[in-house]
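J.: I would like to see how this sequence folds:
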Amino acid sequence: MPDIAFINGRFLPWQDATVSIDDRGFQFGDAVYEVIRTYRGAPFEVGAHLDRLDRSATQLSIPQPYTRRQWVQWIQHGLSLAGYQDAKIYIQLTRGVAPRDHTFPSESRPTVVMTIRALHPLSPETRRSGVTACTCEDLRWGRCDIKSVNLLANVLAREEARKAGVFEAILVRDGFVMEGAVSNVMAVQGGVIITAPESPRILSGVTRTVVLQLAREEEVIVDERFLSIDSLYQADEVFLTGTTLEVLGVVQIDGKLIGSGRPGPITQALAARWALLTG
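T.: Purely as a prediction, here's the structure:
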């Protein structure tokens with residue numbers, strides 16, 4: 001099965017998929033993106049992901065080159081070409097090609113890049129045992145709610161996590177937990193899920209939204225507020241949510257054991273609900 005590349009309305013061989021060096025996504029990071037995964041070949045929550053792509057593009061005044069129906073058709077066609085049951089769909093939308101100048105060009109056409117690759121899910125053992133994390137300073141810009149390609153701060157955080165030998169970096173600003181470098185972060189205290197509220201300080205994940213809805217259906221109280229780093233260490237449970245992570249327990253942060261040192265009951269219950277939803 002092949003990895004699939006798509007540039008501006010054309011599917012083409014991977015080695016031929018290129019964009020101009022004058023593309024503003026390359027020159028300035030003047031671009032937004034989305035990542036969608038599939039279950040059994042079907043894209044999950046594609047409408048919510050395309051809604052967020054549209055919102056991000058609108059916030060940066062990047063025009064949408066395709067209608068919703070066209071986006072869905074391109075995605076479905078790419079999936080049929082790739083043939084993967086578990087796939088990761090990456091979409092990037094830039095302001096387009098123009099001579100290098102910080103101001104918006106008077107004329108430009110957005111550049112669309114889409115790739116479809118095989119997704120390799122986390123192992124069942126990783127999900128059963130949970131993962132470790134470290135905290136680091138949140139160095140990102142002030143509009144984290146826009147899913148832009150300006151990810152250098154996330155890259156540095158993930159590298160810090162790699163060097164520390166842990167799975168994820170949890171971003172902390174002014175002593176409060178924001179989110180993970182590639183995830184949203186949720187803590188459980190006294191049976192209540194606490195997670196950072198939607199705001200310009202976080203990128204509210206599609207998975208986050210679905211998981212919180214599942215929690216409410218299970219009559220678990222959700223408290224959307226910023227949590228201090230000390231409270232995070234003392235939580236009964238901590239878990240991550242994300243497109244490729246789903247619901248993933250965190251058992252140690254900065255060398256400190258979280259709860260029992262295993263994914264807790266609420267984490268396990270939500271992971272089970274997720275499996276039922278997507279299985």
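J.: which residue is the nearest non-sequential neighbour of Asn184?
T.: Nearest residue to Asn184 in three dimensions, chain neighbours excluded: Arg208, at 4.2 Å (C-beta to C-beta, 6 or more residues apart in numbering). Every residue, glycine included, has its C-beta placed from N, CA and C.
J.: tell me the secondary structure for that neighbour?
T.: helix (DSSP: H, G, I helix; E, B strand; the rest coil).
J.: run a quick neighbour tally on it.
T.: For Arg208, the neighbour count with other C-beta atoms under 10 Å is 22.
J.: for it, give me its contacts.
T.: With contacts defined as C-beta atoms under 8 Å, 6 or more residues apart in numbering, the neighbours of Arg208 are Asn184, Met186, Thr195, Thr241.
J.: from Glu246, how far off is it?
T.: Using C-beta to C-beta, to the nearest Å, Arg208 is found at 11 Å from Glu246.
J.: please enumerate the strands of the stretch 151-279 of the chain.
T.: 168-173, 176-180, 184-189, 192-195, 222-224, 227-228, 237-242, 246-253, 256-257 (DSSP state E, counting those that start in this stretch).
J.: for the fifth one, what is the distance to the chain centroid?
T.: Spelled out, that is strand 222-224. 20 Å (C-alpha atoms, centre = their mean, to the nearest Å).
J.: domain parsing for the chain?
T.: Domain assignment for the chain, taken from automatic domain parsing, gives 4-118, 124-278.
J.: report the rounded mean pLDDT for the shortest one.
T.: So the one you mean is domain 4-118. Throughout domain 4-118, pLDDT has a mean value of 96.
J.: and for the last one?
T.: The average pLDDT within domain 124-278 is 98.
J.: assess the claim that Tyr33 and Leu93 are in contact.
T.: Yes. Tyr33 lies in contact with Leu93 (C-beta atoms under 8 Å); the separation is 7.1 Å.
J.: mind checking which of the two has more residues around it?
T.: Leu93 (26 against 18).
J.: can you pull the contacts of that one?
T.: Neighbour list for Leu93: Ala31, Val32, Tyr33, Leu53, Ala57, Ile62, Gln64, Pro65, Pro110, Thr111, Val112, Val113 [criterion: C-beta under 8 Å, 6+ apart].
J.: can you do 10 Å?
T.: For Leu93, the residues meeting the contact criterion (C-beta atoms under 10 Å, 6 or more residues apart in numbering) are 25, 31-34, 53-54, 56-57, 60, 62-66, 110-114, 149.
J.: now the residues you listed: which count as buried?
T.: 25, 31-34, 53-54, 56-57, 60, 62, 64-65, 110-114, 149 (16 or more other C-beta atoms under 10 Å).
J.: inside strands: which ones of those residues?
T.: Using DSSP state E, the subset of the buried ones among the contacts of Leu93 located in strands is Ala31, Val32, Tyr33, Glu34, Thr111, Val112, Val113, Met114.
J.: any idea which of those is closest to Asn8?
T.: Asn8 lies nearest to Val112 out of those, by C-beta to C-beta, at 5.5 Å.
J.: what ranges does the chain have for its helices?
T.: Taking DSSP state H as the test, the helices found in the chain are 24-28, 46-59, 68-82, 124-129, 152-164, 206-217, 229-233, 265-278.
J.: C-alpha coordinates for the longest one, CSV please?
T.: In CSV, the C-alpha atoms belonging to helix 68-82 read as follows (Å, rounded to 0.1, in the frame of the first residue of the first chain):
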residue,chain,number,x,y,z
ARG,A,68,-16.6,21.2,2.4
ARG,A,69,-17.9,18.6,-0.1
GLN,A,70,-14.7,18.9,-2.2
TRP,A,71,-12.5,18.5,0.9
VAL,A,72,-14.3,15.3,1.8
GLN,A,73,-14.1,14.0,-1.8
TRP,A,74,-10.3,14.6,-1.9
ILE,A,75,-9.8,12.9,1.4
GLN,A,76,-12.0,9.9,0.4
HIS,A,77,-10.2,9.6,-2.9
GLY,A,78,-6.8,9.7,-1.3
LEU,A,79,-7.8,7.0,1.2
SER,A,80,-9.0,4.8,-1.6
LEU,A,81,-5.6,5.2,-3.3
ALA,A,82,-3.7,4.4,-0.1
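J.: cool, thanks, talk later.
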